[in-house]
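> need a structure here:
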Amino acid sequence: MSASPEPEPEQPLISLDEYITLCADLYNTLLAKSLPPNSPPPETSTDLLQRYESFRANGPFDTYDPYIPPSLDPLSPLASLLSQLRTTIPSPISNLTPLTPLLYQPIPEYFFPPLYSNELDEADSPFLLLYPQRLPSEAQYASDGGLFVDIYDLRGIWLGAPPGPGNLPSSEKWLPLDYLLRLELSRWESGRYIHDSTAEDGLKVQKWVPVPSTTTTTTTITTITTTPWPNLQVAEAISEWERLLSAIESRIPSSSTPEGTSPGERERIEPLRLEAMEGLHLGKFATQFLTRACRPKGWTFVAPGIGTFSSEASLREVYTAAEPEDASFRRTFTNPEGEENWVTLLLPSVAVAADGVKSTPVQVPADVSRYPDLDDVNSFDKPYGFSKATVGRRAGLYTSWADERNGDLVQLVCPSGRTNAGVFGGPCPWGPDRGPRLAEVLGHWANLVEDGVWAVGEDGVEEDGVEEDAAWFDEHVDLANLSWDHVIE
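Prediction:
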């Protein structure tokens, strides 16, 4: 399972010079991994400082709004670092050379973007854009954001846009540069980052799009992309799902455990069969997960008010009864082969019947204004709201609107219509913001069980009643939300 690098055991303190060399070595290793395999290595140089001073002296600058970037303290740790960083020789056509699917190599002309001049003036310590962003949107330029690094303490943070006066993230939210570089290297080692070949023109190869590794062309250009989702992400999600089920099962009272079975050895229901999903609009990642995830047997709740499709019939009943004639709002994308993907209800909010025999899916009410004290609820039925992507307004955990590579992002819909619980509690410190992945949500829920935040009874995660079950995420948003610490990357 791929995760953010765990804090390393305490190491002997190293000097500042040794730390600078460490960061330079990590970056240069990252650069080596980014270079096209099976090709002669391109020429590299360590002239970033000279190129920056040449740019300051000679431009070119914007004719209508010239902005002369500040000088760089030659005695600063970052100046020493820059002198050790290798970069490939820029092309005469473009100075943008990919380092990862999210980042370009350092570009001296972008060190101090004009957009951030106000933030630079307000900062306690100056910082520069060391790794410009490399995003698929043509509306976002490389110099608009990326990984910024403090000149003196070598801590970094991702800024996708100027935060505005007084909103620069506080120093404790910036992360050590070596951690950020190790994180990027871990994505190569896990297979998250790969090289792909495409027949696209060299100027378009920067697009951050998935490319099938089986593509064969007469002329190939290598680009860096991320691994398409059904591989690593499904395995991570199943691993965290098993952990969640085991955490709950080990805490179910022994009085309800079948005779001769220890709490940690309860039977489970087999995963849903692929044949049961035939003809339904389900996403590919969701299908991969649901056909691999065993389900609870003898108990219901994997989270407050949230269960599973207890049978294949219940899955088909929900989708066939609720599916509108036009489900296009749930369509997230169509890939080049014409295959469609859909927002999918993975884990429904359920209410257990009085006899305890059958659980029924919970729907968001037609009028969400009955919850005036809950922020975000009114957006549910707006044109941009999530209601159109639900399956008959069923509450629960859905896959989210996402591209093919991020098919494992999820969206929690509370029975009130709230959609801002179960999200990250702040901006991502090392990359563009995104929703949580299924593995991250399931891992967070397992933590809530293991830490005793969620009580466990005979029917799984336990509250006093269904209405209180459904309201837990509304009433405990801070506990429901995730932290960027140790996320699945």
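> start to end distance for stretch 393-401?
16 Å (CA to CA, to the nearest Å).
> hmm, I typed the wrong one, I wanted stretch 411-419.
End to end - CA to CA - stretch 411-419 spans 7 Å.
> off-centre distance for it?
19 Å (CA atoms, centre = their mean, to the nearest Å).
> mean confidence score for that stretch?
Stretch 411-419 shows a mean pLDDT of 90.
> neighbouring contacts of it?
305, 343, 349, 362-365, 368, 371, 374, 376-377, 379-381, 385-387, 390, 394-401, 421-423, 435, 441, 470-471, 473-474, 480 (CB atoms under 8 Å, 6 or more residues apart in numbering). Just so you know, the C-beta spots here come from the backbone N, C-alpha and C atoms, and that holds for glycine as well.
> of those, buried ones?
305, 343, 349, 362-364, 368, 371, 374, 376-377, 379-381, 385-387, 390, 394-401, 421-423, 435, 441, 470-471, 473-474, 480 (16 or more other CB atoms under 10 Å).
> just the ones in strands from those, please.
Gly396, Leu397, Tyr398, Thr399 (DSSP state E).
> quickly list what the last one is bridged to.
Spelled out, it's Thr399. With DSSP bridges applied, Thr399 shows beta-bridge pairing to Val410.
> quick one, helices of the stretch 1-150 of the chain?
16-34, 48-58, 77-82, 117-122 (DSSP state H, counting those that start in this stretch).
> could you do the stretch 201-350 of the chain as well?
Using DSSP H, counting those that start in this stretch, the helices of the stretch 201-350 of the chain run over 232-249, 284-290, 312-322.
> hey, which of those is tucked in deepest?
helix 284-290 (a mean of 23; mean count of other CB atoms under 10 Å).
> could you give me the average pLDDT of it?
Mean predicted confidence for helix 284-290 is 90.
> what helices and strands are in contact with it?
When contacts are defined as 3 or more CB pairs under 8 Å, 6 or more residues apart in numbering; DSSP states H and E, helix 284-290 packs onto helix 232-249, strand 340-342, strand 345-348.
> what about the ones you listed, which gets the closest to Ser39?
helix 232-249 (26.0 Å; CB to CB).
> how close does Pro108 sit to Leu75?
19 Å (CB to CB, to the nearest Å).
> meant to ask about Arg295, not that
From Arg295 to Leu75 the distance is 62 Å (CB to CB).
> re earlier: closest to Leu102 among the ones in strands among the buried ones among the contacts of stretch 411-419?
Nearest to Leu102 among these, with distances taken as CB to CB, is Thr399, at 22.0 Å.
> report pLDDT for that closest one.
So Thr399 comes in at 91 (pLDDT).
> map the structural domains onto the sequence of this protein.
As given by automatic domain parsing, the domain ranges for the chain are 16-226, 232-480.
> packed most tightly, which of these would that be?
Using mean count of other CB under 10 Å, domain 232-480 ranks as the most buried of the domains of the chain, with a mean of 18.
> report the distance from it to the chain centre.
The answer for domain 232-480 is 17 Å, by CA atoms, centre = their mean.
> can you check stretch 24-41 too?
With CA atoms, centre = their mean, you get 25 Å for stretch 24-41.
> what's in contact with it?
42, 44, 81, 84-88, 98-100, 105, 178, 181-182, 184-185, 188, 193, 195, 222, 224.
> what's the average pLDDT for that stretch?
89.
> same check, this time on stretch 482-489
Per-residue scores along stretch 482-489 average to 77.
> contacting residues for Pro427?
Counted by CB under 8 Å, 6+ apart, Pro427 has contacts Trp158, Pro169, Asp433.
> hmm, 7 Å instead?
With contact taken as CB atoms under 7 Å, 6 or more residues apart in numbering, Pro427 is in contact with Asp433.
> need phi/psi at it.
As for Pro427, its main-chain torsions (degrees, to the nearest 10) stand at phi -70, psi 150.
> how much space between it and Leu482?
Pro427 is 13 Å from Leu482, by CB to CB.
> tell me the pLDDT at the closest residue to Asn95 other than its chain neighbours?
Here the nearest residue to Asn95 in space, its sequence neighbours aside, is Ile107; by CB to CB, 6 or more residues apart in numbering that works out to 5.5 Å. Per-residue pLDDT puts Ile107 at 94.
> what's the separation between Pro77 and Ser83?
Applying CB to CB to Pro77 and Ser83 gives a distance of 11 Å.
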